[in-house]
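1. Following is a predicted model, sequence given first.
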Amino acid sequence: EAGVTQSPTHLIKTRGQQATLRCSPISGHTSVYWYQQALGLGLQFLLWYDEGEERNRGNFPPRFSGRQFPNYSSELNVNALELEDSALYLCASSLEGLADGNEQFFGPGTRLTVL
Amino acid sequence: AQSVTQPDIHITVSEGASLELRCNYSYGATPYLFWYVQSPGQGLQLLLKYFSGDTLVQGIKGFEAEFKRSQSSFNLRKPSVHWSDAAEYFCAVGNNAGNMLTFGGGTRLMVKP
């Protein structure tokens, strides 16, 4: 069974541009999560999507947004890129919620570099 | 708000020695607790999880962890470390409200031959 996949592996942008990151969850998983792993800041929760809706959002500005498609894949968009947005962006998926004992499975990440 | 502390940023052990990585959490209710491992340039792999029941949980690769409510701890242990265990280890706490995981800062494990 295929795991969580993310594309692209690496992405290089300049300040002010927009970045789009993509994630395909494990087959049958309806929830998708995005996390940012920035140097010195650790792993921080960004967004949670379930059944096409944004369910929860971390402490990030509105220029971080995303969506979930009918096939449960997801996009993370980062507008007006800043140098500090350089990080590894990890996507995870799960069957519904934590309350049901479902863990999150992580993809390999997209390394975003902002110059 | 929930939080996780991993007091040890770096740990070095000799191959074959035992290992304990510390994790302390702060959460008002019964937490969902996880340990993940990350190799360089890779995503996170789940080692084990605690939701309820037996406080000693077994995971993959010979790891185990013990939930101690009185100490708000969920320490990870392995009786004999292998060179391939060198990686970064993250403890995380989750809740069923926002489904988010809150991670500790990580412990980087180095294994000496």
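-> On my side now, so go ahead.

2. Please count neighbours and contacts with C-alpha atoms only from this point.
-> Will do.

3. how far away is B:P79 from chain A?
-> 25 Å (CA to the nearest CA, to the nearest Å).

4. Kindly report the residues of chain B close to chain A.
-> Counting by CA under 8 Å from any CA of the partner chain, the residues of chain B close to chain A are B:32, B:41-46, B:49, B:51, B:94-96, B:98-106.

5. Now, these that are in helices?
-> Among the residues of chain B next to chain A, no member falls in helices (criterion: DSSP state H).

6. Out of those residues, which end up buried?
-> B:32, B:43-46, B:49, B:51, B:94-95, B:99-106 (16 or more other CA atoms under 10 Å in any protein chain shown).

7. Keep only those of those that are in strands.
-> Among these, the members falling in strands (DSSP state E) are B:Y32, B:L44, B:Q45, B:L46, B:K49, B:G94, B:L101, B:T102, B:F103.

8. Could you provide those residues in CSV, with additional columns for pLDDT?
-> CSV is the format used below for those (pLDDT from 0 to 100):
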residue, pLDDT
B:Y32, 90
B:L44, 93
B:Q45, 94
B:L46, 95
B:K49, 93
B:G94, 89
B:L101, 91
B:T102, 93
B:F103, 95
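
9. And for B:P113, the neighbour number?
-> With neighbours defined by other CA atoms under 10 Å in any protein chain shown, the count for B:P113 comes to 9.

10. show me the residues around the nearest residue to it once chain neighbours are set aside that make contact.
-> The shortest distance from B:P113 to any non-neighbouring residue, by CA to CA, 6 or more residues apart in numbering or on different chains, is to B:E15 (5.5 Å). Residues in contact with B:E15 (CA atoms under 8 Å, 6 or more residues apart in numbering or on different chains) are B:S80, B:V81, B:H82, B:W83, B:V111, B:K112, B:P113.

11. Please apply the same query to A:P25.
-> A:P25 touches A:G3, A:V4, A:T5, A:V32, A:Y72, A:S73, A:A92, A:S93, A:S94, counting by CA under 8 Å, 6+ apart.

12. Quick check, pLDDT for the third one.
-> pLDDT, the model's per-residue confidence, is 97 for A:T5.

13. Could you do the fourth one as well?
-> At A:V32, the model reports a pLDDT of 95.

14. Next: the last one.
-> A:S94 is assigned a predicted lDDT (pLDDT) of 92.
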